[in-house]
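need a structure here:
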Amino acid sequence: MMAAPADRARDALQAIPPDLPRDEWVKVGMAAQAAGLDFDAFNDWSAGAGNYNERDARDTWRSIKSGGGVGAGTLFRVAAENGWRIREGKPLRCLQQAPRTAAEPPRSPSPGTSPAEVWARCKPATAAHPYIVAKRAAGVPLDGLRVVPDGDPLHIQAQSMAGALVVPVLRPSGELATVQCIAPPETAARMKAKGLNDKPNLPGATLQDGYFTVGELVPGGVAHVCEGIGTAWACWQATGHCAVVCFGWGRVARVAADLRRGDASARLVLVPDVGKEEAAERIAREVGAAVAYMPEGEAQNFDANDLAQRDGYDVLADVLQAAREPALPPLPLSVAFADELPDTFTPPDELVEGVLTAGDGSVLYGDSNSGKTFFVIDMAAAVARGAQWMGRNTEPGLVVYLAAESPASVRGRLQAYQKHHGVRVPNFAIVQSPIDLFDGNADTEAVIAVVRQLESQRGQKVRLIVGDTLARLSAGANENAGQDMGLVVRRFDRIRSACNAHFLLVHHSGKAAANGARGWSGIRAAVDTEIEVTDSAQGRCAEITKQRDLSTKGERIGFRLDTVMLGSTKWGAAATSCVVVAADAPDKPQGKRVSEVGGAVLEYLRTQPAGKKKREVVEHFQPLYDKSAVYRELKKLVNAGQVLECIGIVTAVCEVRNGAK
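Modelled structure (predicted):
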């Protein structure tokens, strides 16, 4: 049967010595690629060279461009120059030739060049062979080795192999795949002088599936995985354990994988030359093997045989005994195993007892004028003071308040807080510059830098960062688009994690109160705590509507706003602000929550302290809402006590708020 083109090309490649001058080696690679071979075939062939480097081979292969002027015919020509002939019936020819119209009679392999024929006529090896003597390998098992007899016609790379030590390359099944011929000293010197490989494989055969063992592979035992037979002999002599010859470093990974598949319990020890330790560690991690490291400071390519000859087999035995499995690289993500968790439970670290957890994120939202900013400032001031808040403990620390919406308003409210409580609030920093967490990372990094500098100046840890409001912190973003708000959330998380501080976002309710906070629902999913602030005829309330790690979901914190006189305006009018005072939480409303239309109507009326005629309210919402829907929701709000109606004028039920929001 005719060999497939790829098989013929692979056979031809293996017949060429890989120890070529670099320009010729690259040309063979170009020809191999033109013949349809892949990188693995090129790499396996290149691994037989003494100066083999896998990274160089890969980079060279990637740099080869099609149409570079070197075709598949070059591969077969160079192979023929090194004694290769077609083995399965086709005459040697370039793959680019047009198919012949007449069938040609098959040809037999060249006499005496098949692995079985070469092996059959070789004689048993003895300890007197020059290569065995040079490696000081007296006493190693020789029953698996042979020698090419004097006068034998075998030539490889145009060099006589008479006197070469023959090492069989055996598949895991025991079948002979090919043989390696280690040229005798004089022949080896001539070959090296010509840039040829002095340990060639038989032309047309492949090393791909085989290896050779020195000693016996014992199930569950130790197997040293070596590049060449000299290293394998040294390992066997030092330990008595089996050593496996891979015939080139490029084959170590494949052979080690084969050995591991054959015996899951074996202790595989890779024995790399100096300079190949990093590659050995990668292989060891993949197959579960140890690596034996040569002493530090040795020259490139120094190997186990060199060590044994210089320092003795007892020193090599210590090196092999000290072989260790390479440390696994750190995982790219933080991982904890359940069975390694301590028996003692560590509760969440709370910043504000039952409300905020340290280092996490939260969002507090509510309608305009609901008192949400007063509520947040009151809580943040308690953290800055280390004081109790609403009967709850707080963890003291620096507070950084990003007053993106109205710095002057925040300053005034803190002045009212200090006057009302008769204290000066320490460690409460108001950032008055605009902050943009949507357009680029500049402000994100600026916030982190400010936090670190304040910590250094004050000698205290920032525990709480407040962003007021999310709308101002994400100006230009589409609040309903995950693509936009996802960027904001990532920068929110970046600040929170880099500063190891709780980050609370102040946000607005949506038009439909039943749907919670305004905008993209992913914001709620991203935070650990969500708090809704509401204002009704029964009173103001902050309800914990989400709590990831604490059991306080559903708790309601009641409060009211008391007016504080701060001074007079330039016109002589009273200048006031408000402070939060604890109060009983109103009962949770029963039945359905306010609809989108009802929420929009209620929010609009709260901005109209003098009230509006119902007709004017309906006209305000045209054409956004159907007029019958607006009338219907107005009636529901009146019945619920959230809107007052008198002679056709409707007014939202609320307190005088002095700008509360």
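
Quick one: the strands in the stretch 101-250 of the chain, in order.
Using DSSP state E, counting those that start in this stretch, the strands of the stretch 101-250 of the chain run over 123-124, 146-147, 155-156, 159-160, 165-170, 176-182, 212-214, 222-226, 242-245.

Quick check: which ranges of the stretch 451-600 of the chain have low pLDDT?
511-515, 590-594 (pLDDT under 70).

The stretch 151-300 of the chain: helices as residue ranges?
185-193, 229-239, 252-262, 277-287 (DSSP state H, counting those that start in this stretch).

ranking the strands of the stretch 101-250 of the chain by burial, who's on top?
strand 222-226 (a mean of 28; mean count of other Cβ atoms under 10 Å). Bear in mind the C-beta positions are built from the backbone N, C-alpha and C, glycine included.

State the distance from the residue nearest to the spatial centre of the chain to R458.
Central residue of the chain (Cα atoms, centre = their mean): P332, 4.6 Å from the mean position. Counting by Cβ to Cβ, to the nearest Å, the gap between P332 and R458 amounts to 36 Å.

Sketch out the strands for the stretch 401-550 of the chain, chain order is fine.
428-431, 462-468, 502-508, 529-536, 539-547.

for the stretch 201-350 of the chain, which spans come out with low pLDDT?
205-208.

again, only using 90
201-210, 248-251, 327-334, 336 (pLDDT under 90).

how about the strands of the stretch 101-250 of the chain, which one is nearest M30?
strand 155-156 (23.4 Å; Cβ to Cβ).

tell me what the closest one is packed against?
Helices and strands touching strand 155-156, by 3 or more Cβ pairs under 8 Å, 6 or more residues apart in numbering; DSSP states H and E: there are none.

Okay, now the sheet partners of it, with direction.
Take DSSP bridges as the rule and strand 155-156 pairs in its sheet with strand 159-160 (antiparallel).

List of residues touching the partner strand?
Strand 159-160 has contacts (Cβ atoms under 8 Å, 6 or more residues apart in numbering) with 152, 154, 183, 187, 190-191, 196.

ok, of these, which come out buried?
Buried residues within the contacts of strand 159-160, counting neighbours by 16 or more other Cβ atoms under 10 Å: 152, 154, 183, 187, 191, 196.

from memory the fourth one sits against L165, does it?
No. The pair T187 / L165 is not scored as a contact, 11.3 Å apart, by Cβ atoms under 8 Å.

in the longest strand belonging to the chain, what counts as buried?
The longest strand of the chain (DSSP state E) is strand 556-568. When burial is assessed from 16+ other Cβ under 10 Å, strand 556-568 yields the following buried residues: 557-559, 561, 563-564.

Counting neighbours, which bits of whatever helix or strand comes next after it end up buried?
Downstream of strand 556-568, the next assigned helix or strand under DSSP states H and E is strand 574-582. Across strand 574-582, burial judged by 16+ other Cβ under 10 Å covers 577-580.

any idea which helix or strand comes after strand 574-582?
helix 596-606.

mean confidence for the next helix or strand after that next one?
Next in sequence after helix 596-606, counting helices and strands by DSSP H and E, comes strand 612-613. Strand 612-613 shows a mean pLDDT of 91.

gap between strand 612-613 and the chain center?
60 Å (Cα atoms, centre = their mean, to the nearest Å).

cool, stretch 172-184 as well?
For stretch 172-184 - counting by Cα atoms, centre = their mean - the centre lies 43 Å from the chain centre.

would you put the C-alpha positions of it in CSV?
Output of stretch 172-184 as CSV, limited to C-alpha atoms (Å, rounded to 0.1, in the frame of the first residue of the first chain):
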residue,chain,number,x,y,z
PRO,A,172,5.3,0.4,24.9
SER,A,173,4.1,-2.9,23.4
GLY,A,174,7.7,-4.0,23.0
GLU,A,175,7.7,-3.7,19.2
LEU,A,176,10.9,-2.4,17.6
ALA,A,177,10.2,1.1,16.2
THR,A,178,13.7,2.0,15.1
VAL,A,179,17.3,2.0,16.4
GLN,A,180,19.7,4.8,17.4
CYS,A,181,23.2,4.3,16.2
ILE,A,182,25.9,5.9,18.4
ALA,A,183,28.9,6.3,16.1
PRO,A,184,32.3,5.1,17.3
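
what does that stretch rub up against?
Contacts for stretch 172-184 (Cβ under 8 Å, 6+ apart): 115-116, 118-119, 130-131, 148, 154, 156, 159, 161-171, 188, 191, 198-202, 205-210, 229, 247, 258, 262.

cool, stretch 477-485 as well?
With Cβ under 8 Å, 6+ apart, stretch 477-485 has contacts from 438, 471, 474, 487-488, 518-520, 522-523.

Repeat that for stretch 58-67.
26, 29-30, 33-34, 39, 42-43.
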